[in-house]
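Undergrad: Need a 3D model of the sequence below.
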Amino acid sequence: MPSQTFKIGDIVSWNSEAGHVSGRIRAIHETPFLVKGYQHHATSEQPQYEIESLKTGHIAYHKSAALTFLE
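TA: Sure, this is the predicted structure:
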């Protein structure tokens, strides 16, 4: 199954250690980037999405395979 494409402003859900989390996409990274010393791998073919949790405001980074649209 091909990965879905998301855009800034989309509300998505993903599974975390604490269960399902939902958030809004704030940015789309298409080149490798550093966050707190950790190298995130991103390309135009496999971008990483920067997502702000709707509940806590925490920022998470995920590839599209980990995300689903929240209905």
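Undergrad: partners of the longest strand along the chain, with directions?
TA: As assigned by DSSP state E, the longest strand anywhere in the chain is strand 19-29. According to DSSP bridges, strand 19-29 forms sheet pairs with strand 11-16 (antiparallel), strand 48-53 (antiparallel).
Undergrad: Would you mind finding the most buried of those?
TA: Among the strands paired with strand 19-29, strand 48-53 has the highest mean neighbour count (mean count of other CB atoms under 10 Å), at a mean of 20. Where you see a C-beta, it was placed from the backbone N, CA and C, and this is true even at glycine.
Undergrad: if we can go back for a sec, give me the buried positions along the longest strand of the chain.
TA: Within strand 19-29, the residues that count as buried by 16 or more other CB atoms under 10 Å are 21, 23, 25, 28-29.
Undergrad: Can you add distance to Lys7 and give those back as CSV?
TA: Shown next, in CSV, are these (distance: CB to CB, whole Å):
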residue, distance to Lys7
Val21, 19
Gly23, 14
Ile25, 7
Ile28, 8
His29, 14
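Undergrad: By pLDDT, give me the weakest of those residues.
TA: Within the set of the buried residues of strand 19-29, pLDDT is lowest for Val21 (94).
Undergrad: Looking at strand pairing, list the partners for that one.
TA: Trp14.
Undergrad: right, and it touches Gly57 too?
TA: No - the pair Val21 / Gly57 is not scored as a contact, 11.7 Å apart, by CB atoms under 8 Å.
Undergrad: For Tyr38, find the nearest of the strands paired with strand 19-29.
TA: The closest of the strands paired with strand 19-29 to Tyr38 is strand 48-53. By CB to CB, the value is 11.5 Å.
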